[in-house]
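>>> Here is my input, please return the structure:
(chains A, B and C)
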Amino acid sequence: MTLNPRNLVLFGGMALLLVLEGAVTKNAIFSGSWDFSLRILNMGLISAVLALGVNMQWGYAGLFNSGVVGFVAIGGLAPVLVAMPPNPGAFTAGGTGLILAFAMAAATVWAAIAVNRRARLQVRVIAIPLILIGGFFLYRAIFDPASVAIEAVNPSGAGNLGGLGLPIVLAWPLGAVFAAGAAWVVGKTALGLRSDYLAIATLGIGEIIVSVLRNEDWLARGVKNINGLPRPWPVPREIELQTSASFVERAAALGLDPVTASTLTVKLLYSGLFLIVLLLLIWLTQMALTSPWGRMMRAIRDNETAAAAMGKNVTRRHLQIFVLGSAVCGLAGAMMITLDGQMTPGSYNPLRYTFLIWVMVIVGGSGNNWGSVLGGMLIYFLWIKAETWGLELMRFVTSGLADGSGLKVHLLASAEQMRLLTMGLILLLVLRFSPRGLIPEK
Amino acid sequence: MDFLNAIVAMLNFVIIPASAYGAQLALGALGVTLIYGILRFSNFAHGDTMAFGTAMTILGTWGLQSLGVSISPLPTALLALPFGIAATAALVLGTDRAVYRFYRKKKSDPIILVMASVGVMFIMNGVTRFVIGVGEIQFDDGVRFVINAREFRAATGLAEGLALRSTQVITLVTAVLVVWALFWFLGRTRTGKSMRAFSDNEDLALLSGINPERVVAVTWILAAALATIAGTLFGLDKSFKAFNYFQLLLPIFAAAIVGGLGNPLGAIAGGFVIAFSEVAVTYDFRKVLGYLIPGDWTPSGPIQLLSTEYKFAVSFAILIIVLLFRPTGIFKGKSV
Amino acid sequence: MSFLLAENMTGGYGAADILHGCTLRVEKGQIAVIVGPNGAGKSTAMKAVFGMLKLRGGHVTLEGEDITQLSPQARVAKGMAFVPQTSNVFPSMSVEENLEMGAFLRRDNVAATMEQVYTLFPILRDKRRQAAGELSGGQRQQVAVGRALMTEPKLLMLDEPTAGVSPIVMDELFDRIIEVARSGISILMVEQNARQALGIADMGYVLVQGSNRYTDTGAALLADPDVRRTFLGG
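As a prediction, this is how the structure comes out:
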C-alpha cells in the first residue's frame, strides 16, 4: 500500500487533532496544552507499535490474541532488568539459588517430557505426576530461601535482584525476546486447535504474567513498583535542562519558561525515538507483507485448507507469526516502561492493554499496517479524551439537576465508565458496518 | 482425635469452599458451553453477563429491602433473582438481535463472533459499572452460618472448628436444583430436545423443521438465567465487584474446555475439577499435616504449592494440560 | 399429472451452472432413481428439487402446486422429506429422540408413525435408547430414513442411502425402500449402485453433465445396450 490521498487526509486529520489539542485555548473539547498533546502523541506512537504487533497476528493470520496485556507486561520487565542499577549483595544472597531453582524446574519439565516420549502408558500415568510434583517441591525448596534472601537485601530501596545498569535502549529488543518466549510456549500448545482455544489460552497467559509481576518481589519489586528508570540516550532529565544556562537562554528566546520548555523538549525527543522505531517497524512489516512469505501468510488466512493442501505447514506458520507479533507487543511494552520511567504492575489492565488494542486494529483496518498505526493513534487519542469529554457531557446532561442530588452525583461519578461503553460501541459499529476499517487492506 | 481434626480442617478449608466455588463455576461454564453448543463461539462477554445479572439482582434486592420484604433467614437476593434473570435475558436477547444475528445470518467465521462478543463485553462492563459502580458490594442479608465454628468446637470437643456458611449451602442446593431443571429441560421437553438436535447437526435440524431463531432465543434465555444465578451465588458467597467477574472468565472457560466444550455434563465436572484444584493447590496444608504427623516433624514453613495470588495459574495449567493431551475434554465435546 | 414434476431445472452454486435443463418426474407411490457418472449433478439435482439450491431456470411442482420459491423447511411442511447422504442423524441423541425430531413439526400423536417405523426397521426398536452415533453404518441409515418417515411425507428423497454399507445391508435397505413405496409414498433417490437401484426403480434417469441423457423405466434402461455399456459396465 502507498499513501494515497485518502490516507494522507486521514493521517493529516490525526495530526490536526493533536495540533488542535495543543494550540487552541482551553475549551470543553481540547485542553490547549502542548504538553498534554505530546503526551498523547508519545503513547499514541507506542499504541501504534502495539497495534502493528496485534495486526500481524490478526490481520496477517487471523489469530486472536487476548493476552496482549501479558506480552506488554513481560516486555516491560526488560528495562527493569537491563537498566536499573544493580542491587549490591542481592545476587550473592540468592542468585545462585535462583539459578539452581530454575535449572531444577527445567530439568523437571525435561524429565517429564522424556518419560512421556519413551515410557509405556502405565509407567507414564504414574511417573509423570510424580516427577512433576516432586520436581515442584524441590524447586520450591531451593527457590523460596533464595527469593526471601534477595528480598531481604535493602528492602526499602530495592529488595530485588536489580538490573545490570546498562543503557535502557538495549532493553527494547530484549523485551521483544521475552514476549516471544512466552508466546512460543502458548502458541505451541494452543495453535492447531480451534481458533477460540488460542483466544482462551492467551487470556490465561496474560493474567499469569501480570500476576507474576505483581507478586514476585525479588524480580521487579511487585506492587512496590520500580521508580526512576534511567532515560534512553539522547533524552535528558528535565532538571538537567532547567539548570543548563544555554537551554534557559534558548527557551527564553522562544518565549517559553524553562520548565515548560524542558518538559516539551524531553517529550519531543521521546517522540523522535519512538517515531524511528515505528517507521523501522512499518518498513519491515511492509517488506514482509509483500514478500513471498507475506503472500503465503495471507493465503493461509484466507483458506487454510487450500494452503495446507499445497503443502504449507499451517500450524508452524501460525506459530511463527504469533511469536513475531507478540515480540512486537513486548517491544512496545519495553518502550512504554521507558517512557513512563517506572514499572507499576498494578496498572496492567486487560481492558486497557488487550481489548483496547483490538479496537485500534479493527478500527484502523485489519491486515493493513498503516491502518493499525492510524487506529493506534486515533483510538488512544479518543480513549484519553473520552475521559474529559464524558465528564463534560455528563455535566451538560445533569446541568438541570440540583447540585448535590443523588442522581447527579452518581451520574457524574460514573461518567468515567462511559469510556468502556464507547469503545465497545465503536468496535461493534466498525465490525458491523465497516469491517475493513479506516484504511482497508486492499 | 487428631485424625478427626485433620478431616475437619480439610472439610473446613478445602472441601466445603471448593464445592461451593465449583458449583458456581459449573453454572457459569454451563452457560458458556450452551452458547458454544448452539451458537458455536466462545462468548467472552459471559463474565460480564454474570456481573450484569448480579447487579440487576442487587438492585432488586435493594428494592425489596426498601419495601420491607424479607425471607429471613434466607438472603433477599434469592427473591430478587427472577427480576435479575428477566432483566439479563432481555439484555442478551437485545444483544443477539442487534449484534450476533447479523453474523449468524452471514455465516461468519466463529472468531468474528468472538470478536463481537468482546465488543459486547466492553458495553456490558460499562453498563454494569455505570449502573452500580466499581466498588465492592455486600448484599447478603441472610443468616451467616449454618454451623458456627465455635459452637462446633463446643459440641464435638474437637480442637478444629467447622464453619458452614449459609451461602455455601444455598449455593450447593441451588446449583443442584438448577442443574436438575436444566437436564430435565434438555432431556424431556420438546424445546430442550430441539436444542440438542440443533447442537448435534444444524442442517438436519433445519430439515426437520426446527426453527433456528427460536432455539437461539431459548439458548440465550437459559444462558442469561445460568449467568445470573451463578453470578448472584458467587456474589453472595464472596462479594460483588464488577472486575472480579471479568476475571472469572478464565476459570469458567477452563472448566468448559476441560469438560468438553458443548457438553453440559462436562461443564459441571470441569467446574469442580478447576475449583478443587485451585483451592487444593493454594491451600496451606501445614495445619492438616500438623494433626497427622508427630509434633516435632511438623514443618515450620507453609506447605502450599502456590500462593493464592496464583490461583489463575491453576486454571491455566489445567487448561494447557487438557489442550495438550485431550483437546476435546474429559467428556467428548464438539470438534477441536 | 405427475406427483412431483421438476422441469427444465437450470442452476448451480456459484457463477457456473451445474444443471442444464434437467427434468425429473415421480408418480404417486413409485420409485424414481437418478443414476449417472461422478460429477453428473445427481446430488445437485436432488438438492434443487428440495430447494437447497437457487434455480436460475425451470420450476418444481408438487401435486400440481408450484413450490419453486419455497424454502426447504416449507417444503417439509408440504410433505417432502429429505435424507442427506452424510450427517443424517443426530449422533448424541437416542434413536427414539432422532425419530421424535423427525416429527418435530407435527402436533398430533406420533406414536402410530413411530410404531410403523419400528415395524419397518425392527432393529431400531431394540436400539431405541442407544445414541444414534454409536450405531453401525447400516443402522444409522435406517435411523435416517426413519427420521424422514416420521414427518409422514408424501415424497421421500434419499441421497445415496446405501453409500458405505455392506452388500447384504444394501439389499435389505432396498427391500425396505420398496416396502415404503408400496405404502403409497413416492420415492426419489440418487444411487451409486446403478444396477441394483434400476432393478427396483419404476422410473430411471441417467444424468450426464447436468442434463438428462436417458430416461425410461428401470427395466428398460437395464435392457438398453447403450446404457449397459456406458454406465453399468457391460
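>>> Tell me how far the nearest residue to B:P73 once chain neighbours are set aside lies from A:S31.
In space, and not counting its chain neighbours, B:P73 is closest to B:V143: 3.8 Å by CB to CB, 6 or more residues apart in numbering or on different chains. All C-beta atoms are positioned from the backbone trio N, CA, C, and that covers glycine. Separation of B:V143 from A:S31 (CB to CB, to the nearest Å): 54 Å.
>>> Now do the strands in the stretch 101-250 of chain A.
Defined through DSSP state E, counting those that start in this stretch, the strands belonging to the stretch 101-250 of chain A form an empty list.
>>> Repeat that for chain C.
With strands called from DSSP state E, chain C shows them at C:4-11, C:19-26, C:31-35, C:57-62, C:65-66, C:80-83, C:155-159, C:186-190, C:203-208, C:211-216.
>>> and the helix or strand of chain A with the lowest mean pLDDT, what does it pack onto?
Across the helices and strands of chain A, the lowest-confidence element by mean pLDDT, DSSP states H and E is helix A:406-413, at a mean of 79. The contact analysis (3 or more CB pairs under 8 Å, 6 or more residues apart in numbering or on different chains; DSSP states H and E) places helix A:406-413 against helix A:369-397.
>>> just checking, what packs against the biggest helix by length in chain C?
Longest helix in chain C by number of residues, with DSSP state H as the criterion: helix C:167-182. Helices and strands touching helix C:167-182, by 3+ CB pairs under 8 Å, 6+ apart, are strand C:31-35, helix C:111-120, helix C:137-149, strand C:186-190, helix C:194-200.
>>> Could you export these as a markdown table, including mean neighbour count, mean pLDDT and distance to A:L20?
Formatted as a markdown table, the helices and strands packed on helix C:167-182 follow (neighbours: other CB atoms under 10 Å in any protein chain shown; pLDDT from 0 to 100; distance: least, CB to CB, whole Å):
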| stretch | mean neighbour count | mean pLDDT | distance to A:L20 |
| --- | --- | --- | --- |
| strand C:31-35 | 26 | 93 | 71 |
| helix C:111-120 | 15 | 92 | 74 |
| helix C:137-149 | 24 | 92 | 67 |
| strand C:186-190 | 25 | 93 | 69 |
| helix C:194-200 | 19 | 89 | 77 |
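>>> got the buried residues for the helix or strand hosting B:W180?
Assigned by DSSP states H and E, B:W180 belongs to helix B:166-188. Residues of helix B:166-188 classed as buried: B:166-168, B:170-172, B:174-175, B:178-179, B:182, B:186 (neighbour count, 16 or more other CB atoms under 10 Å in any protein chain shown).
>>> can you redo those as a markdown table with distance to A:E304 and pLDDT?
Shown next, in a markdown table, are the buried residues of helix B:166-188 (distance: CB to CB, whole Å; pLDDT from 0 to 100):
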| residue | distance to A:E304 | pLDDT |
| --- | --- | --- |
| B:S166 | 52 | 92 |
| B:T167 | 47 | 92 |
| B:Q168 | 47 | 94 |
| B:I170 | 48 | 94 |
| B:T171 | 43 | 95 |
| B:L172 | 45 | 95 |
| B:T174 | 44 | 95 |
| B:A175 | 40 | 94 |
| B:V178 | 39 | 95 |
| B:V179 | 38 | 95 |
| B:L182 | 35 | 96 |
| B:L186 | 33 | 93 |
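>>> Between which two of these is the distance greatest?
Distance extremes for these: the farthest pair is B:S166 and B:L186 at 29.9 Å, using CB to CB.
>>> Stretch B:205-219 and chain C, any residue contact?
Yes - Stretch B:205-219 is in contact with chain C by CB under 8 Å from any CB of the partner chain, via B:205-210.
>>> Narrow those to those in strands?
Using DSSP E, none of these sit in strands.
>>> Save these as JSON lines, and put in pLDDT too.
Shown next, in JSON lines, are the residues of stretch B:205-219 next to chain C (pLDDT from 0 to 100):
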{"residue": "B:A205", "pLDDT": "92"}
{"residue": "B:L206", "pLDDT": "88"}
{"residue": "B:L207", "pLDDT": "86"}
{"residue": "B:S208", "pLDDT": "87"}
{"residue": "B:G209", "pLDDT": "85"}
{"residue": "B:I210", "pLDDT": "89"}
